[in-house]
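Undergrad: build me a model from this:
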Amino acid sequence: MYGFHSRIVLWFLVLCNIAMAAGERTAHTIAGLREMTTAELAERPEIRIEGIAVSTLATNGRRLLLWQDGAAMFVDVSRNDAGPEGVLPDRRIVPGDRVRVTGEVIESFVAPTIVPSRIEWLGSGELPDAPIVNLIEMSSGRLSSQWVRIQGVVQAVKPFPGSKYYWLLQIGTPHGRFTVRLEKEDDVLPTGLIDAVVEFRGVCLHIFNHRGEPVGARLHVNGLSEITVINAPPQDPFAVADTPLDNLRAFTPHELMPHRKKITGTVTFCRPGSHLYIEKEGRGVKIVTSDPTEFQPGDRIEATGFIVPGAHFSEVHQAILRKIGSVPPPVPLRLQTPLPELMRLPFEKTPFVDLHGRLVELGGVLELDGEDADGRWLSLVKDGVAAQVRLPPDMPELPRRGSVIRIAGVCELDYPASELVENFTLPTGLRLFPRSPADLTVVESASWWTPQRQWMVMGLVGALLFLALAWVHTLRRRVQERGTALAAEMGGRRMAEARTEERTRMAEELHDTLAQGLTGVSLQIEAAGRALDVRPEQSSRHLGLAGQILDSSRDEVRRTLWNLRSGLLDTGDLLGSLQAIAANLCPGTNPTVSCRSVGTAIDLPDSVAHAVLRIAQEALSNAVKHASAENAEAVVEFAADEVILSVSDDGCGFESGAAAGADPTHFGLQGMRGRARRLHGQFEIDSTPGRGTTIRASIPLRAQPEKP
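TA: The predicted structure follows:
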């Protein structure tokens, strides 16, 4: 019995907990859920709530706005990981249906959102009324995902970018402009709403940046049934009073709806299908239109459109245009006053010249030019102010930078961009929009020799000079290296030449001393042999002479080794030395050798005397030893600037040409010729077989070093 009662109590407690949990789930309200903090939303509280689906946002119920007691909240089926199966009811939810939603509340990028696990259809109904708001309240962000009403003037109707389910409406209000996303009911663009004052009922949406900060407001409207026309547009858009160009947004103490206004003026600039400028009474205005008509400068037109604030000046948008006449094309206003003075504030200069939107002509220096996404441009500098000129597409080749030009076009003043205007602002620059290539006139073409090219040439010359200096340095280093190598090579050659020259000298000296001495010894010995049996005393004398010749030859060899002059020259003059040589060659024997001189004897330099002596010695020795001459004569002729040696004999002679190619080991002729040439002299041989030989050597005296 006790166990039965315990089970009853336990089941009662379980049912109470279930009831309490269900009570907690249904106790939430949309207004309460919107007040949840980030920490509370992070727990993903479970809820069950009833309300009216005021909009499905053209998603077939996958995303709807649930309204309850004046507050609304998004229900997003697409965030359910299990998918829409088992979540949506069997029938399609439409605006006005009453539903019950069970699920979780999460923190969303925009506002708290319900992720449903089940949506139950409770019945059909009417859409609830919505509070009327203004654009300032909508833009604040607090009305995000709320059901609201707002009034305004429809200024434009167009297809919604990137979607086939909506129209995009641009709405003007006394507080500014916003857009409406209108669900399509058909493909007929509702242009009849333009310039009508209407009231919209819909969902307030916001466009956020990636940080979740609102940057713009938009209204989602379920269809045309949620639009109420308060004031219909006029049948004729031009049937309104003309508005002066200097009174587009004049002061008024009343809050007025931004209807179309009509303006008239003369066309100064036209880009068909985009925009144009008109002027009237010294004021220029930009008109934005999709009208493809190509108006010409001088056409008078009427334009009716909506006045909207531009970057700094009012513009006319969504304009309807019609031509009402023509006048001569307007003459550009030539700007003579310095630009800094022209761009002062109006009350700082009288009379004030309003440049914005005016057709002006500006002269200056073409400083820069280029091309960007908007087309070609150039920078014109006047009075220290740079004006950017946007060129027409058909503009031909521009003059050189630095040219002085005049260019006509519509002027737009640039102002600093600022969200909060703290005081009167001055323009920071200006832009010109020429109409055609005819608006550009070249006053003075720039010289080809521009500062930029000067710097380029100087840079090129500097680079070439650097390369030249580097090349010269490299060449100098190579020449130095090569010079060092050549110096070493030439030093080696000079040493080799010196060795060769010394060997040649010693060979010549030995030939002229030792060889000649041995020849004399040989001749004396032969004479001694012939006289041995006939005249013994004569034989002894010949042997004695042979000994003397050997002694003399020994002394000459010593002198040769020490590069000394002949000893014969130490004991007598040149002629006496020649006579001594002749006596040694054939004392008392044939042939007869004689020596004589011509002219006044002079004291010769050692080198000349030594060379003459050796040449004569070699020539006489050849006459006695090789030519078998019976007579030989050596003649020394002293002239003013040279000494001439002639040695002649009546021997067998030889072919002069053959002598030049004689055995190089025989140093006779080669030595005589070499001695003469080393002293800048001449050496000649005149010989004919059977007629003897004459050797002639002339040595200049001026070319020789003076005797100390």
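
Undergrad: average pLDDT for stretch 312-329?
TA: Across stretch 312-329, pLDDT averages out at 93.

Undergrad: helix or strand for Met138, which one?
TA: For Met138, the enclosing helix or strand under DSSP states H and E is helix 135-140.

Undergrad: send me that helix as CSV with only the CA atoms.
TA: The C-alpha trace of helix 135-140 is given here as CSV (Å, rounded to 0.1, in the frame of the first residue of the first chain):
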residue,chain,number,x,y,z
LEU,A,135,12.6,58.2,-41.7
ILE,A,136,14.6,59.4,-38.7
GLU,A,137,13.1,56.6,-36.5
MET,A,138,13.6,54.1,-39.3
SER,A,139,17.3,55.0,-39.7
SER,A,140,18.1,54.7,-36.0
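
Undergrad: begin at 146, not 1, for the rest of this chat.
TA: Sure thing, new numbering starts at 146, so read that last one as helix 280-285.

Undergrad: chain center to that helix: distance?
TA: Centre-to-centre, helix 280-285 and its host chain are 52 Å apart (C-alpha atoms, centre = their mean, to the nearest Å).

Undergrad: for stretch 431-439, same thing?
TA: With C-alpha atoms, centre = their mean as the basis, stretch 431-439 stands 43 Å off its chain's centre.

Undergrad: for stretch 431-444, same thing?
TA: The answer for stretch 431-444 is 44 Å, by C-alpha atoms, centre = their mean.

Undergrad: now it: buried residues?
TA: By neighbour count with 16 or more other C-beta atoms under 10 Å, stretch 431-444 contains the buried residues 431-434, 436, 440, 442, 444. No exception for glycine: its C-beta is placed from N, CA and C like everyone else's.

Undergrad: worst-scoring helix or strand of the chain, pLDDT-wise?
TA: Least confident helix or strand, the chain: helix 147-171 with a mean of 50, by mean pLDDT, DSSP states H and E.

Undergrad: which residues are contacting the helix or strand that that one is followed by?
TA: Moving toward the C-terminus from helix 147-171, the first helix or strand encountered (DSSP H and E) is helix 175-179. Helix 175-179 has contacts (C-beta atoms under 8 Å, 6 or more residues apart in numbering) with 192, 194, 196, 211-218, 250, 256-257, 259.

Undergrad: mean confidence score for stretch 738-751?
TA: The average pLDDT within stretch 738-751 is 85.

Undergrad: okay, how far is it across it, tip to tip?
TA: In stretch 738-751, first residue to last residue: 25 Å (C-alpha to C-alpha, to the nearest Å).

Undergrad: so for it, what gets flagged as buried?
TA: 738, 740, 742, 749-751.

Undergrad: mean confidence for stretch 374-385?
TA: Here the average pLDDT along stretch 374-385 is 92.

Undergrad: got the contact list for that stretch?
TA: 296, 337-344, 402, 404-407, 447, 449, 465, 467.

Undergrad: what count of nearby residues applies to Asp387?
TA: 12 (other C-beta atoms under 10 Å).

Undergrad: same question, Asp786
TA: 8.

Undergrad: how much space separates Pro834 from Ala768?
TA: Look at Pro834 and Ala768: by C-beta to C-beta, to the nearest Å, they are 15 Å apart.

Undergrad: next one: Val588
TA: According to C-beta to C-beta, Val588 and Ala768 sit 106 Å apart.

Undergrad: tell me which of these two has more neighbours.
TA: Neighbours were counted for Val588 and for Ala768 using other C-beta under 10 Å; Ala768 has more, 29 against 12.

Undergrad: tell me the helix or strand right after the host helix or strand of that one.
TA: Assigned by DSSP H and E, Ala768 belongs to helix 751-770. Using DSSP H and E, the next helix or strand after helix 751-770 towards the C-terminus is strand 776-783.

Undergrad: in that next one, what counts as buried?
TA: Using 16+ other C-beta under 10 Å as the test for burial, strand 776-783 gives 777-781, 783.

Undergrad: hmm, back to that, and the buried residues of stretch 738-751, which two are furthest apart?
TA: The two members of the buried residues of stretch 738-751 with the most space between them (C-beta to C-beta) are Val738 and Pro750, at 25.9 Å.

Undergrad: in strands, which of the buried residues of stretch 431-444 appear?
TA: If you go by DSSP state E, the buried residues of stretch 431-444 have 431-433, 444 in strands.

Undergrad: how much space between the residue nearest to the spatial centre of the chain and Gly515?
TA: Central residue of the chain (C-alpha atoms, centre = their mean): Met601, 12.8 Å from the mean position. Distance from Met601 to Gly515, counting by C-beta to C-beta: 19 Å.

Undergrad: how about Gly826?
TA: In this view, Gly826 and Gly515 are 86 Å apart by C-beta to C-beta.

Undergrad: quick one: which of these two has more around it?
TA: The neighbour comparison of Gly826 against Gly515 (other C-beta under 10 Å) goes to Gly826, with 23 against 8.

Undergrad: quick one, domains of this protein?
TA: Split into domains by automatic domain parsing, the chain comes to 147-268, 280-376, 379-475, 477-562+570-591, 594-696, 710-845.

Undergrad: among the ones you listed, which comes closest to Asp274?
TA: When the domains of the chain are compared by C-beta to C-beta, domain 280-376 sits nearest Asp274, at 8.2 Å.

Undergrad: who's in contact with Arg823?
TA: Each residue near Arg823 by C-beta under 8 Å, 6+ apart is listed here: Ala756.
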